[in-house]
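Colleague: return atomic coordinates for the entry below.
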Amino acid sequence: MPQPKKYRSKKAQAEANRAKAKRSYEKHRDEINERQRKLYWERNPRPTTPSIASVREKEPPFDGSQYWIKWARELPSRLKKLTGDNPKAFVGQIYVTWVAGYSDPAGSLRQLEEQYNTISELKYAGDMYHNKIYSFEGVGPQLAEAAKLLAPVTLVMKWVEEIYILALGEPITLLAKHQAESLLFQTAE
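Modeller: As a prediction, this is how the structure comes out:
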């Protein structure tokens, strides 16, 4: 008579093999993991990196004033992108747009406010660059350069601000000043 079958199905045989493998793994876990770790590091060697000291010696020291002056040097191109080649014409167009929408005061003021906010953001960024350079360098050539780069932005800001304030408070005065050509942007050289 033959030996009775140990497993009646493929599923039972698979379960028994799984249980046997699990027992074997539990018994030899540390050796298996160590062998796998070695294999991994043989296949994936650690990259060689220079020491932190040698990297720091090669890097130039951070110069905050140079960082901020680099940003300040972008102000003229940002202003040109916003106003085009002629800032006076840009401000004149802002005035013309306000007058064209004068019959709808809320709408024309909203457009004027958008332009004012855009110029204000540029002026705020320029002031921040100027102040950062001052905090790093104090009074010096870089601060003078930053002030020179900021001057056109400040000028356009004053022009737009004058129109915005008069449009909010005294629109009739704004119209009269424009007719008399006594607005700041009209009298600027």
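
Colleague: please count neighbours and contacts with C-alpha atoms only from this point.
Modeller: Noted.

Colleague: quick one: low-confidence residue ranges for the chain.
Modeller: 50-62 (pLDDT under 70).

Colleague: mind doing that once more with 80?
Modeller: Where the chain drops to pLDDT under 80, the residues are 1, 47-65, 102-107, 137-139, 189.

Colleague: so where do the helices sit in it?
Modeller: With helices called from DSSP state H, the chain shows them at 10-43, 52-58, 64-72, 75-83, 87-100, 105-137, 141-169, 171-179, 184-187.

Colleague: burial measure for R110, as a count.
Modeller: R110: 12 surrounding residues under other Cα atoms under 10 Å.

Colleague: any idea how far it lies from L82?
Modeller: R110 sits at a distance of 18 Å from L82 (criterion: Cα to Cα, to the nearest Å).

Colleague: and what of Q142?
Modeller: From Q142 to L82 the distance is 25 Å (Cα to Cα).

Colleague: so which of the two has more stuff around it?
Modeller: More crowded of Q142 and L82, by other Cα under 10 Å: Q142, with 19 against 15.

Colleague: please give me every residue in contact with the more buried one.
Modeller: 65, 69, 133 (Cα atoms under 8 Å, 6 or more residues apart in numbering).

Colleague: enumerate every residue touching Y95.
Modeller: Contacts of Y95 (Cα under 8 Å, 6+ apart): I163.

Colleague: what do you get if the cut-off is 6 Å, keeping everything else the same?
Modeller: The contact partners of Y95, by Cα atoms under 6 Å, 6 or more residues apart in numbering, come to none.

Colleague: columns distance to Q3 on top of the helices of the chain, output as CSV?
Modeller: Shown next, in CSV, are the helices of the chain (distance: least, Cα to Cα, whole Å):
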stretch, distance to Q3
helix 10-43, 16
helix 52-58, 70
helix 64-72, 86
helix 75-83, 91
helix 87-100, 101
helix 105-137, 90
helix 141-169, 97
helix 171-179, 110
helix 184-187, 109
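
Colleague: I'm done for today, thanks for sticking with me.
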